[in-house]
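Colleague: What follows is a predicted protein model with its sequence.
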Amino acid sequence: MKNLVLIRHAKSNWDMPLKDIDRPLDQRGMQDAHLVSLNIQKHIPKKYIIWSSPAKRASDTAVIFAQNILYPIENIVYKDDLYTFEEKQLENIIKSCANTFDSVILFGHNAAITNFVNKFGDIFIENVPTSGFVSLQFETDNWGEINKGKTKKIIIPKDLK
């Protein structure tokens with residue numbers, strides 16, 4: 001069985017004239033990342049790896065979550081290919097995961113995340129919001145063969161407020 005948790009980066013700050021990849025989190029984004037990450041412990045696998053887009057807003061979100069779930073931040077794997085908004089590219093990256101890992105927590109971007117969870121999960125989500133957490137489970141031992149899975153848990157900030 002393979003477990004995949006997709007987390008959309010927290011809300012970012014558009015006020016500064018920065019390249020998209022360099023945009024930081026805003027105050028609400030930091031608060032929401034803490035709120036969600038403090039409420040996921042019973043919904044994440046016992047053993048997992050964390051992958052993140054290198055974009056500042058995604059990597060900062062990954063660090064907040066890692067700290068709150070007691071995952072060593074130096075073990076976060078930053079993958080340039082996760083800086084994508086395309087579902088197909090996200091799918092290719094996930095399907096390339098080594099089968100020695102049964103569970104991955106991934107931090108990325110929309111529209112890739114929303115489109116991926118709707119293609120591979122069994123619950124339609126109109127839009128995975130910033131800091132949104134979606135856990136999927138696949139009945140296979142091979143990442144390259146993941147197909148329609150089961151949506152196990154959805155956590156979004158507004159449901160925790």
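Modeller: Alright, I've got the coordinates. The structure displayed is predicted, hence computed values, not measured ones.
Colleague: For residue 129, which non-adjacent residue is spatially closest?
Modeller: residue 156 (5.3 Å; C-beta to C-beta, 6 or more residues apart in numbering). (Glycine included, C-beta is placed from N, CA and C.)
Colleague: Residue 100 versus that neighbour, what's the distance?
Modeller: Look at residue 156 and residue 100: by C-beta to C-beta, to the nearest Å, they are 31 Å apart.
Colleague: Equivalent analysis for residue 48, please.
Modeller: In terms of C-beta to C-beta, residue 48 sits 12 Å off from residue 100.
Colleague: In this protein, what residue spans correspond to helices?
Modeller: All helices of the chain, identified by DSSP state H, fall at 27-37, 56-68, 87-95, 112-120, 157-160.
Colleague: Tell me the pLDDT of residue 85.
Modeller: Per-residue pLDDT puts residue 85 at 97.
Colleague: Any idea how many residues pack against it?
Modeller: When neighbours are counted by other C-beta atoms under 10 Å, residue 85 registers 14.
Colleague: for it, what are its contacts?
Modeller: Applying C-beta atoms under 8 Å, 6 or more residues apart in numbering to residue 85 gives the contacts 109-112.
Colleague: quick one: which of these is nearest residue 90?
Modeller: Nearest to residue 90 among the contacts of residue 85 is residue 112, at 4.2 Å by C-beta to C-beta.
Colleague: can you count the residues close to the closest residue to that closest one other than its chain neighbours?
Modeller: Among residues not flanking residue 112 along the chain, residue 90 sits closest, at 4.2 Å (C-beta to C-beta, 6+ apart). Close neighbours of residue 90, defined as other C-beta under 10 Å, add up to 24.
Colleague: how much space is there between residue 90 and residue 54?
Modeller: From residue 90 to residue 54 the distance is 14 Å (C-beta to C-beta).
Colleague: Can you report how many residues neighbour residue 19?
Modeller: Neighbours of residue 19 (other C-beta under 10 Å): 8.
Colleague: Now it: phi and psi?
Modeller: The phi and psi torsions at residue 19 (degrees, to the nearest 10) take the values phi -60, psi 150.
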